[in-house]
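Trainee: Mind folding the following:
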Amino acid sequence: MIAKINRIINPDEDSIRIYPMGRNFEKDIVILGKGEIFDIENEYIF
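Mentor: Sure, this is the predicted structure:
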């Protein structure tokens, strides 16, 4: 799935995040394209 997504996104404009289910998911987040992992505890999303 990740390989297919990588072929169709524009990495300079798109940001795709894959979040695994379960505890301690933060260490296994995959980001394709732009973006970075941020601390959700200190962010607000509207």
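Trainee: Enumerate the residue intervals of this protein where per-residue confidence is below the cut-off.
Mentor: Within the chain, the stretches with pLDDT under 70 are 26, 36-46.
Trainee: Need the residue closest to the centroid of it.
Mentor: residue 17 (2.2 Å; CA atoms, centre = their mean).
Trainee: What distance do you get for that residue to residue 1?
Mentor: 13 Å (CB to CB, to the nearest Å). Where you see a C-beta, it was placed from the backbone N, CA and C, and this is true even at glycine.
Trainee: Please identify which helix or strand holds residue 5.
Mentor: Remark: residue 5 resides in helix 2-8, with elements defined by DSSP states H and E.
Trainee: Report all helices and strands that the next helix or strand along the chain from that helix contacts.
Mentor: Where DSSP H and E defines the elements, the next helix or strand beyond helix 2-8 is strand 15-18. Secondary-structure packing of strand 15-18 (3 or more CB pairs under 8 Å, 6 or more residues apart in numbering; DSSP states H and E): strand 30-33.
Trainee: one step back: helices or strands up against the helix holding residue 5?
Mentor: strand 30-33.
Trainee: Direction included, what does the strand it packs on pair against?
Mentor: strand 15-18 (antiparallel) (DSSP bridges).
Trainee: Return the set of buried residues in the partner strand.
Mentor: For strand 15-18, the neighbour count (16 or more other CB atoms under 10 Å) marks residue 16 as buried.
Trainee: what's the distance between residue 17 and residue 3?
Mentor: Residue 17 is 16 Å from residue 3, by CB to CB.
Trainee: For the nearest residue to residue 6 once chain neighbours are set aside, name its beta-bridge partners.
Mentor: With sequence-adjacent residues excluded and distances taken as CB to CB, 6 or more residues apart in numbering, residue 6 is closest to residue 32, at 6.0 Å. Under DSSP bridges, the beta-bridge partners of residue 32 are residue 16.
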